[in-house]
Structures are given as C-alpha cells and as structure tokens.
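1. show me the folded form of this:
(3 chains, ligands or ions: 1)
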Amino acid sequence: MQLFPCPFCGLRNEREFHYMAEPGKFRPDTSSQISAEDWAAYLYDTRNEKGRVREIWMHQTCRELFVMERDSVTMNVLGSTSLRASAGEAAE
Amino acid sequence: MSGTRISKGGLIDRSTLLRFRFDGRDFTGHPGDTLASALLASGVRVMGRSFKYHRPRGVWGAWFDDPNAVFNVTLKGDELPNCPATTTPLVDGMEARAVNAWPNAESDIKGGLDLFHRWLGAGFYYKTFMWPDWHLFEPSIRKMAGLGAVDGKVIEGYVADQLHDHCDLLVAGGGAAGLAAARAAAEAGQAVVLVDDHATLGGGLYQGDEPVEGEEPRQWVATQEAAIRAAGGRILSSTTVYGIYDHGLAALAEDRGFARAPRLWRMRARRILMATGAMDRPITFADNDRPGVMSLQGAAEFLGRYGVLVGRKIAVLSNNSQSTPIVAHLRAAGAEVIEADPDEGTLRALDGKRLSGVQIGGRKIDCDTILASGGLTPTVHLWRHAGGKLDWSAEKAAFVPGAAPQGMVAAGAANGTFDLDPALAEARAAALGNAPETVATGYRIKPLWPQPGAKGRQWIDFQHDVTLKDVELAARENYVSVEHLKRYTTLGMAADQGKTSNMAGLAAMAAIQGRPIPEVGTTTFRPPFVPVPMELYHGTRRGQLVNPLKRLELEAQHRQAGGAMCEYGGWLRPGWYGPDQETAIRAEVLAARQAAGVFDGSPLGKIEVMGPDAAAFVNFIYYNTISTLRPGHIRYGFMLRENGLILDDGVVARLGPDRFLISCSSSHVASVELMLESWRQDGNDPDRIFVHDTTPHWATLTLTGPKAQQIVAALDTGVDLDDFPHMTLREGQFDGAPLRIARVSFTGDASYELSLRAGKAGALWQAIMAAGAPHDLRPVGVEALSVLRAEKGFIMVGKDTDGETMPHDLGFGVPRQKKKAAFVGDRALHSDTANAPDRRQLVGLTLPEGALPLATGAHIVTTGPKPRSIGFVTSSYFSPTLNRPIALALLEHGSERMGERVTLRHMGQTATATVSAPCALDPEGERLNA
Amino acid sequence: MRDDSHKWDVPQNFSAPLAGPGVTISRIIPDRQTLISAPDILARTPGAAGWPDRAAGDSYTLCLRRDRVLEVNGPARTDGWDGQQAVSDITDGLTIFEITGPRAMELIRRGAEISDALPSRSAVRQAFGLEVILCRRQDALRLHVARTEAQALRKQLADHITLM
Ligand SMILES: [Zn+2]
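-> Numbers count the residues shown, from 1 in each chain, chains lettered A, B, ... in the order given. Down below sits the predicted model:
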C-alpha cells in the first residue's frame, strides 16, 4: 500500500486518492467548431506510459487536484504539485 | 522404530502433561510442543495421505516448510480445517484428524488409488474429462480432491483485530542474524520491531546446540532479547511477516491462539531487514516421499526445540556441510547415524510405509529413518514480494538476494551467509546501514539435482503429488516456462506454495532441457508467505459493516410506521409500510393520488454552489441553461459526462444571485460533488466558486397529492401557499429552524418538499402526521413513489437510462440544438453516434386491463424468421391509479412508433403491447395545480 | 425489493458511552458547526487545527482544505455567499464522537494509518473506511463524521474495542 504526497496534506495512504487523468490535455473551446478527431483525442487518447509518468490525482479527503510524478514500474513517487500551481507550467 | 522423546533438552516443559487425540487415539505432549512434535515423540509416523494418490505421508520438515501433515483440529467445539501439524502449537484437549484420509491416515480406504498412478499424471483431468462435459464429472472429483473439511459452524468472535503501526527498522526473523541486527539498531537509537514466527526466538540456533559467542544458545538469545527491549525495541513473537507491499509496508499475522483469529499488523517500516534464514531442500530419489524420509534440518529442529529424536538408526544423506553439527547433535542424543554421499549411486527408499533402509547404488543401508539434505535455499520470499532481484550463486548452489528493493536489506542465512559468525557480523552491519566485510564461506556443497529419466516415482511436490515424471511430461508437451510448468502440473500451488518443491521443480526442468538453472528462473513469489485465514483481511468489515448503508434521521419513525427497510442506492430506506408488500404499495399509490402521501426524501442531494462565478459554472455543468434561472426558482435538468451520456438528473434551485442548490439524485451525491470539484479546479477559477455538500445536515419530507397543500397550510411555516407556483422555492421556519419549501413534483400531483435541519425532522414528521390525519395522509415508500413517477413517465437515471442514453433520447432535445454557452458533454451530443437515426428512445408501453405486467428487461423484438431486439423494458408496474399495467422502455425509432403494436420476449414468454408516450397519466399536468 | 429491516441494527442516539480497555467513546453534541470556504480563509484563521495539532476550548476551528475550515461552536453566521466567503450551517450534518483514555490512539490506529510522524494540514482523513474529521482536543481525540454514517462508525469502534 503506497503513500502519496498530497501537496496540501502531506503523505497519506493511497486509499484516500483517486486517479483522474493525464495532464496536458485542455478542453477544446466547444463554443466554436471542433472536429470529431480533436474531440475524440480529447476524450480518449491516453499515453499510458511505462516508467516516469505525470498524472493528475485527487486527494479525496481534501479534494485537492494535483499533478503527481511517479515511476509506474518501481512505484517510487518523485513529487507532486497542486494543479493550481502547475497550471502555468502545464500550459507550456 | 520411529521417534522418541529424549529425557532432556529442547524448549518444552516436561513437568506439564497435555492430553490430545489424533485419528481417534489418545496421546500426550508438553507445553512447547507442536501437534507434529508430540506425535513424533509418541512414535507416530504416518500423519496424512497425499492429495491425489492417497500415499501415506509423515512429516518432512519441522516448521512452515512441511508439506505433508495437515490436520482438522477441534478444541472445545471449535473446529479448524487445514492446520499444519508442524506449526500448530499443542493445546490440552485438542482432537486432530488427518485430512484427506478415511477412516484414518494409517489405513486410508482410498490408498488403492495409488495403483492407478500411471493414468493420473499431470494434465490427467484436463485430458480425460473433456467429453462430453467437465461439469458432469466435477462434483465427484471435487469431493475426492482437496484437503480439510469445513464443519460449517461459525466460530463465535472469530474476528481479526487489525491495526496500523510504523517503525524505523523492521527485522523479519528472530534467529541469530535477526537478534543481532535488532539489538545493534535498537542500541543505535532506531525504533526497531523484531518479528519471529516461533513462540521462542533463536531460529536455527538449537539445531546443532553449539555455543554462540561463548554462550549457550538459550542464554545468548535471552541476552539479546533483554538488550533489545532495554534499548526500546519491540519484539513480536508467534508473528509472521507474510507479505511486503509498496512503500515499505509489511503485513504481519500475529497468532493469538487456537480458534482465535490472528491479528493483522500493517507495519510501515522505513527499512526492512530480512533475516528469514534458509530451508533445507529435499533430494529427488525413488520413493522419497515415504514416511521416515525427512529433512535433516527438520530432524535437527525436532531435536533442538522439542527434545524429539526422530529415529534410532538414521541414514543421513547430505551433499553439504550443514550436516556436521547436526549429526553430532543426533549422536549425542543417542541415535546411531550412518552418513552417506547421496551422489554415490541411485537412491531408493525401501519398504513403503515402514521404512527399512535405503538403497544406494549396489549398497543397502539398514535404517529406520532417512534424513536428506539437498542443500540450503535462502528464504527469499519477502525479498521478491518487494521486487528485489535474485542472483544465482554457483558456489552455494542457491538463489541468493541480488539487487535490493528500496529500503530493504538481507542478512544471515537468508542472504546466503550460512556460517554463524559472518552472519552475525553481516546482520549488525546491515542494521546500521553499513556494508559488512566479505568473509569466505565455510559452507560446502556438491550440487545434486533431479536426474531426468531416473527410474521409480520421485517426488518433487509432496503436497500436490507432482513427480519428476510429471515435469518430464510437461516438458514434452512444451510447458517449459516455469510459470506454465507450475500451472500445468500444479507444482508449487498447494497450501505450502512450493517451499520444498520449487527448487527441485525448476532444477528438474533445467536438467531436462539442458539449460542452466538461473536461465530457467523462479516462479513469482506472492503474499501470503504462509496460509492466513480470510478473516485476517476483512477484520471487522463483515455483516452490516461490509458495505454500511447511509441511515435516515427518521429511521425509527419509519420502522414504527411499519416501514420495510430496504437498500436503495447506498441508503436504507422504507420501501413500503405494512406487512404485505403488494397491498401496501397499492394503498400508498392510491392515497397519494386521492388524498395525500408523505415521503422521506432526505437522501436527495443538497449541494450548494456559491461564489461570483457560481452562475456561469452551474450553467457549464448542466445540459440545460441555468444562467437565466431567477432567484427563488427551480429548474429540472441533466448533468452529462463529457461523452454526452447522462450522469444524473434532478432539480437546481437558485437561492440568490451567487448561490445555487443542486438537488442531485440520492445515490449520486458523492459522484456529483466529486465531478463539480474536479471541474472547479480544472479549467475554472477555484477562488470564485465554492461547493458545499450539506446533504447530511438536512432532512426532507415531501407531501404530495390533492390534500398536500391543506396539510402544509396547517403547519406553522410562515410561508404564503397561495402565491407559490410550481417550480419555485420559499424559505420559512419550523419550530424556530429555517425551513425550505420547494414546489417540485416527482409524482405529477401538487407536491411540497419540506427541508430543515435533521435535528428537527422528528418534530416535523409528528406535526405532518397530526395535520394529515384528518386528510387520510399515508406515508409513501420508495416502491410506491417508483410507481407514481412511472405513471407520469418520469425517469430514474440508471434504471430508465443505460450506458448509451443521451438527453435527446428522452425527449429533452432543446438545449442540444439551442444552448449557446459551452457545457459538459456538448460536443459529444453531435457525434455520428449521437446523430444516428436508430437510437433507442424512451417510450411508454400500454397494456390492456387484465394483462399481466411486463417483465423488466423484456426485449422488444422484430417479427419474422430472424427476430432482432430493438429495445427493452426499463420499468414495469401495475398502476393502481389506471388499473392496468404500465411500462417504460427504450426502443429504436421509438418516437416514430407511437400507436404501433410490438412483440416482447422474455424467458421464453411472448407478450404484446402498444407503444405510447411515456406519460400515462394527466399528460396536460392539470393535477399539479389541482 | 427485499425487506432487510432485520439485517440492520436500529440506530440509537449514541447517548450511552462505550467503554473498552483504556478507552471511552462518548457522543458530543455541539451548539453549532459551520463550514466556511474562502480563498484566504486559512490566512484569516491561523489557529485552524490539522494533524496532530491540538484544538483547545469549547470553540475551535479545524482546517479541512486549502480554502475551507470547520468552525465548531463559533458565532452564528448567515448561510450563503457574502462577497467574501461561503458559509453553510452543518451542525446536524456531522456527528461528533470523543475518544478518551490512554489507549485512544491505539483505537484510532485500528482504522487509519496515522501517527504524529505523519503531520497533515488537513484534519480530514479516511478512517474505518469512512471520511472523518479527526482532531485532538485537549487530552482526547474527536471524530466528526457525516450523520448518515455515524451508525457505521460507532459500530466499527464498538467492534474494535472488543478486539484490542
Ligand atoms: Zn490533501
């Protein structure tokens, strides 16, 4: 059972967390025309990488959304940043 | 002759006698004995029958490595199946029975099965019982297979205590290395937990009974224990580290005595030191499973710990140097020992159940016991659980720990350091995080592996009856990967998880294929290391606590009113009131239509969305336009997922310019709140939107029916009911507490939804009942409400919708065409799938008076030679109001089929119905304002 | 639908304390509990307790989220958005159990991976499979749990004290 670092709460048992999505995707502006391909990519494309990954998780008890960097093979956690704080960086 | 108790030595208390029975006979033993040691001491050798061939078996090992002696044990009326005789401490009054043997292990009636072994090899079942159908044979095969029998009685209070703990260093194994490591770490100030599965620590130190650092083993162990405790370390004995999980979590099972569930410790350790020792390997030779063929290490344990000499005239077949001190110990205890090199010639155990000797090539040694040692295998299971690597040591002919998992280190015999002094030095260094100096090993071994093609039946897996021939067969049939070999032959899949058989099995495969052992590799090691009861995992989460339901504030009142409490979407709610379900539902529906009904709607969500961006946010979340909703008004709408499918429906009320109240459906409160929270933080400004789930603070009682208004008017709420149109909300008070009244209707009749703090709900219930009595008010359960809403064609999400339903399938197509602002799921409503002409749409099905209600789930089918399903019934009831069955269905081209007669099929029955609008009662909505 | 009335204990009002070896569990009835959310709420309530902070006095504030606190027995406030903060009365929404006695922490460790070595800004956590707000108050531990789940929590605590 893993310990995940919530950027607000600190280390907590993995049961308190919920996987949300891969970061780096932005909702298309649906008030304009969006092609079926772009919408499908937004809905369904995931990289599902092996090794070092960045993922958005929710710490369910404090509802914090954050980006966690971890190794999907060794389960080592490499760091976490609140989604708010990472918003600028993610837009790169 | 077989085993005897010697007059002194061991860790048992000879001054106390414990009585027990085995297979119907009386025996005695002492405190400190296991069932196996007490039986061996009494001269019993046959302690079980093998799993498949019913061969007589005695013990092989003295601890968790024994595959053979498995008992059903009863103590004071509590019976446990599958107790390993070698690890079950003896308790006065125990009654033990060998499993898989009848009438007893000594003369098992199915012993004759062994004669058919030629046809019972690996894959026998797969190949034989294919035709005509495995299920024909399964019951009798299942009855013959397996080990202990469950008596079906529940042991009162057999519940596992579970707790979390943490430490700096967890030492697994309390032998020499573990004790030395724990002491060093504790004295250096680390928070240490030392865990050992025996009641008495010391590991293998009693086997040779040689001094340790100048002290007798018992004295040395006591000294270390005292020092560990003095330095603040903790010692858990009779406790097994049975699994290592991610991020340094170790699972420990603490034995709390017979017929008491063990205690689960979830121990989070910064570092884990594995000092789990090493196990003796069997030698693979003809009839090596005979009672009296035992592990050399096991015999040494029986002698050192229990004062039991396993035989008088013993042949020791050992290919390694661990035998020297053990042989000396056996001789000192009075045994005649003949040592022989197992590589000298072809081996065979002689004379079945009563062992008379061993054949080595042309030579025969007379003996009553054969002690075999094929070399030591480090106990590396925990290392592998944690993802550590194994290296092959040719020098030690064993897999030893290689690259370490994070936070883990191995020491002593578990690390392949079989010599005592180097093991102690290594353990102390490892405890402090230092690298030990390497010392040349004194351990010598001449590798000895199974010989393919050898004659006779040579056992690899004793517990699952897998022989060398089975491995050869698997290889011939190309099950050569160790994982395939395991599954095809079931090698290593018994309760002992291959502790004695894995090495022999993979070495046999290596020899058959001419590959080196490390290339063949090992199978995956998984927790639990020893069998543990399921109770260990679920702890107190049983009965009502498996999946506890949410409870209503007014549950006592509902029960008092005769409410039948049922499970609905995670809540315990009144389904109906009264002893007879059908009568009650009918009476409740009619009361609600003709007079008034009161319904507990407390589980309905009360999620408040507040802040300067609240209006825009709610408008984005809903399929329907919400931004135009005026304060004090209510709108019905859908929430979608981004793929356009319906997540939930319900009403939303605007309480103020910056404040909305979302009344999501009862079972979706948590998921809706999570969804709101994730959109709030992702793509919106979370400093301008706040989401408060206030659901548990409130209770809601809904009055519905022609008399509802009069009843509400009789309550002192301060709300003017005359100027109170449908789909608006007013705030008043009741008994000094704020009261919200919402005019929304799930029944089609005029309804008043009264919400107030839960603490006042009892008073409100009482006031409503009193005010309603003159008007024939009845409490209405969830079942009657389901009928009432179905009469109106109102849907329940998840019942009348499925994983393909979009709002336009339900007749709510306007926002899809007209809403300009972006909203969740918008683009998906214009996909090719969403635009497909043959989508299933919500319809009603009309049946004539006197017809039987349709089955929910019945398929609507096309007629003709190849009928095809074009839809299905989602809700079906008898309508007391209309005095005929009603139904809702999802049907392809449904809206174009009004008036069409359709055929339905269900479980071989056929029915017909007429497609109609979903709403079967009062389509003009006049009752709302009646 | 199946009538499961007999399968579920009828919830009591929890007024009788539960006692076990070294622990006593009592219900505390507060005058008021209020949820307050605002971007700067933590800056404005520096005393909001997380774990293992110790709340003191009759009136105390617990930190729940980056932008939310729970005020226990604070002043009366008007529900809604006042231009600065979002306020909701939650008095009847959270049932409070107080655990006293030398083995109080041992009992909590039955249901949560918790220790002083794992400090946390937020007092909300999962314990005994439920979402709870857990804090120290003076020498006791307090658990605030959704009223609808109080029966489940209380039953778990009752079970655990028989096994300790
Ligand atoms: Zn958190």
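2. now do the same for B:Gly123: its pLDDT.
-> At B:Gly123, the predicted lDDT confidence score is 73.
3. and it, how many residues sit next to it?
-> Neighbourhood size, B:Gly123 [other C-beta atoms under 10 Å in any protein chain shown]: 15. In this view, the C-beta of every residue, glycine as well, is placed from N, C-alpha and C.
4. does C:Arg137 touch C:Ala56 like I think?
-> Yes: with contact defined as C-beta atoms under 8 Å, C:Arg137 and C:Ala56 form a contacting pair (7.1 Å).
5. who has more neighbours, those two?
-> Neighbour comparison, C:Arg137 and C:Ala56: the larger count goes to C:Arg137, with 20 against 12 (by other C-beta under 10 Å).
6. next up, the contacts around the residue nearest to the more buried one when sequence neighbours are not counted.
-> Closest residue to C:Arg137 apart from its sequence neighbours, by C-beta to C-beta, 6 or more residues apart in numbering or on different chains: C:Ala55 at 4.5 Å. C:Ala55 makes contact with C:Ala49, C:Thr61, C:Leu62, C:Val72, C:Cys135, C:Arg136, C:Arg137, C:Gln138, C:Arg142, according to C-beta atoms under 8 Å, 6 or more residues apart in numbering or on different chains.
7. one more time with 10 Å, if that's ok
-> For C:Ala55, the contact set (C-beta atoms under 10 Å, 6 or more residues apart in numbering or on different chains) comprises C:47-49, C:61-62, C:72, C:123, C:135-138, C:140, C:142.
8. please report how far it lies from chain B.
-> Separation of C:Ala55 from chain B (C-beta to the nearest C-beta, to the nearest Å): 21 Å.
9. between C:Arg137 and C:Ala56, which contacts overlap?
-> Joint contacts of C:Arg137 and C:Ala56 (C-beta under 10 Å, 6+ apart) are C:Ala49.
10. my read: B:Leu723 touches B:Arg743, true?
-> Heads up, residue B:723 is Asp, not Leu. No: contact between B:Asp723 and B:Arg743 fails when scored by C-beta atoms under 10 Å: they sit 11.3 Å apart.
11. tell me who's in contact with the most centrally placed residue in chain C.
-> Closest to where the C-alpha atoms of chain C average out (C-alpha atoms, centre = their mean) is C:His144, at 1.7 Å. By C-beta under 10 Å, 6+ apart, C:His144 lies in contact with C:28, C:30, C:33, C:62, C:64, C:70, C:72, C:90, C:93-97, C:123-124, C:131-135, C:150.
12. what's the per-residue pLDDT of residue 92 here?
-> The chain I'm using is chain A. Looking at A:Glu92, the pLDDT reads 34.
13. nope, chain B please
-> pLDDT, B:Asp92: 98.
14. skipping adjacent residues, who's closest to it in space?
-> B:Leu18 is the one closest to B:Asp92 (C-beta to C-beta, 6+ apart), at 4.3 Å.
15. and the one you found, how many neighbours?
-> Residues near B:Leu18, counting by other C-beta under 10 Å: 20.
16. could you check how far it is from the ion?
-> 54 Å (C-beta to the ion, to the nearest Å).
17. isn't that residue right up against B:Ser37?
-> No: with contact defined as C-beta under 10 Å, B:Leu18 does not reach B:Ser37; the gap is 11.5 Å.
18. what touches both of the two?
-> B:Ile12, B:Gly29, B:His30, B:Pro89, B:Leu90.
19. any chance of a PyMOL selection covering the buried ones in these?
-> Buried residues within these, by 16 or more other C-beta atoms under 10 Å in any protein chain shown, are selected in PyMOL with:
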select buried, chain B and resi 12+29+30+89+90
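20. now render the shared contacts of B:Leu18 and B:Ser37 as JSON lines, adding secondary structure.
-> As requested, those are exported to JSON lines (DSSP: H, G, I helix; E, B strand; the rest coil):
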{"residue": "B:Ile12", "secondary structure": "coil"}
{"residue": "B:Gly29", "secondary structure": "strand"}
{"residue": "B:His30", "secondary structure": "coil"}
{"residue": "B:Pro89", "secondary structure": "strand"}
{"residue": "B:Leu90", "secondary structure": "coil"}
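21. wait, which of the shared contacts of B:Leu18 and B:Ser37 is closest to chain C?
-> Nearest to chain C among these is B:Pro89, at 20.9 Å by C-beta to the nearest C-beta.
22. so who does the residue nearest to that closest one when sequence neighbours are not counted touch?
-> Nearest residue to B:Pro89, sequence neighbours excluded (C-beta to C-beta, 6+ apart): B:Thr34, at 5.9 Å. B:Thr34 makes contacts with B:40, B:59, B:62-63, B:66, B:69, B:83-90, B:199, B:302, B:305-306, as judged by C-beta under 10 Å, 6+ apart.
23. show the buried residues in these.
-> B:40, B:59, B:62-63, B:66, B:69, B:83-90, B:302, B:305-306.
24. can you flag which of the residues you listed belong to helices?
-> B:Leu40, B:Phe302, B:Arg305, B:Tyr306 (DSSP state H).
25. and the residue lying closest to the second one once chain neighbours are set aside, how far is that from B:Ala300?
-> Setting aside the residues directly before and after it, B:Phe302 is nearest to B:Val308 in space (C-beta to C-beta, 6+ apart), at 4.3 Å. Spatial separation of B:Val308 from B:Ala300 under the definition C-beta to C-beta, to the nearest Å is 11 Å.
26. overlap of the contact sets of these two?
-> B:Ala62.
27. about what we covered before: restrict the contacts of C:His144 to contacts with chain A.
-> C:Leu64, C:Ala123, C:Val124, C:Glu131, C:Val132, C:Ile133 (C-beta under 10 Å from any C-beta of the partner chain).
28. contact partners for C:Thr24?
-> So C:Thr24 contacts C:Pro17, C:Leu18, C:Glu98, C:Ile99, C:Thr100, C:Gly101, C:Arg103, C:Ala104, C:Ala140, C:Ile161 (C-beta under 10 Å, 6+ apart).
29. for it, give its distance to the ion.
-> 30 Å.
30. of all the ones in helices among the buried ones among the contacts of B:Thr34, which comes closest to chain A?
-> B:Arg305 (34.8 Å).
31. B:Gly871 reaches B:Arg840, doesn't it?
-> Yes: counting by C-beta under 10 Å, B:Arg840 is a contact partner of B:Gly871 at 5.4 Å.
32. intersection of neighbour lists for those two?
-> Common neighbours of B:Gly871 and B:Arg840 (C-beta under 10 Å, 6+ apart) are B:Ile860, B:Ala889, B:Leu890, B:Leu891, B:Glu892, B:His893, B:Gly894.
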